[in-house]
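# I would like to see how this sequence folds:
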Amino acid sequence: MAVLRDHLRSGGVWVEGSRSYRTIKEHLMPPAQFAQLKENNDLAFGVPLDSAAWLSKMREQLDFNIKQLAYRARDGKLKDVRLKNGTLIVTLQASDVPSGAEELNEELTQMYPHVEVLDLLRDVHKWTGFADQFTHVCTGDAPHNITTMLA
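Residues are numbered from 1 along each chain as shown. Predicted structure coming up:
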């Protein structure tokens with residue numbers, strides 16, 4: 001049954017009349033419709049079919065953007081960015097975190113106990129019984145070994 005399920009999911013096996021487990025061909029556009037769209041150049045890929053034209057357009061756009069960045073950097077129109085002797089220099093911005101926050105964070109971290117996630121989940125289960133809500137998919141039975149299930 002598990003092998004059949006895997007083949008159904010992969011499309012290697014199909015069920016006639018099924019909406020979920022159809023043949024791969026039924027998921028595709030009919031060949032006549034595809035030929036018509038291709039003939040009308042209306043496939044709507046989002047990019048030109050001619051890769052050389054697309055690459056040329058992208059090169060032009062990249063060149064324009066780089067020149068625009070260079071002009072703005074040269075004229076000092078970019079915040080914390082400048083062009084000096086042909087080198088782009090970016091000024092680091094000051095941190096918004098107060099200077100004492102790092103030390104406080106380290107101190108608080110040291111105060112927390114080091115706990116394994118499985119131990120924490122086991123304790124929460126003891127307090128609340130939440131793990132009993134997980135049931136077996138086929139049988140609906142509660143888990144026999146809570147620790148294994150939580151792991």
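# who does the helix or strand Lys67 falls within touch, helix- and strand-wise?
For Lys67, the host element (DSSP states H and E) is helix 51-74. Contacts defined by 3 or more CB pairs under 8 Å, 6 or more residues apart in numbering; DSSP states H and E place helix 51-74 against strand 81-84. (C-beta placed from N, C-alpha, C; glycine too.)
# tell me the pLDDT of the residue nearest the centre of the chain.
Nearest to the geometric centre of the chain sits Gly46, at 21.5 Å (CA atoms, centre = their mean). In the prediction, the pLDDT value recorded for Gly46 is 75.
# export the lowest-mean-pLDDT helix or strand in the chain as PDB, just CAs?
One helix or strand of the chain scores below all others by mean pLDDT, DSSP states H and E: helix 24-27, with a mean of 76. Presented in PDB, the C-alpha positions along helix 24-27 are these (Å, rounded to 0.1, in the frame of the first residue of the first chain):
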ATOM      1  CA  ILE A  24       0.600  13.600 -16.100                       C
ATOM      2  CA  LYS A  25      -0.800  14.400 -19.600                       C
ATOM      3  CA  GLU A  26      -4.100  15.600 -18.100                       C
ATOM      4  CA  HIS A  27      -2.200  18.200 -16.100                       C
END
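# going along the chain, name the helices of the chain.
For the chain, the helices defined by DSSP state H cover 2-10, 24-27, 31-39, 51-74, 99-111, 117-128, 146-150.
# buried deepest among these, which one?
helix 146-150 (a mean of 14; mean count of other CB atoms under 10 Å).
# and it, how far from the chain's centre?
29 Å (CA atoms, centre = their mean, to the nearest Å).
# hmm, who's touching that helix?
118, 121-122, 125, 131, 134, 143 (CB atoms under 8 Å, 6 or more residues apart in numbering).
# got the domain ranges for the protein?
1-44, 47-93, 113-150 (automatic domain parsing).
# measure the last one end to end?
Pointing back at domain 113-150 there. 21 Å (CA to CA, to the nearest Å).
# any weak-confidence spans in this structure?
Applying pLDDT under 70 to the chain flags no residue at all.
# same thing but 90
1-31, 33-51, 53-54, 69-103, 105-107, 109, 112-116, 129-151 (pLDDT under 90).
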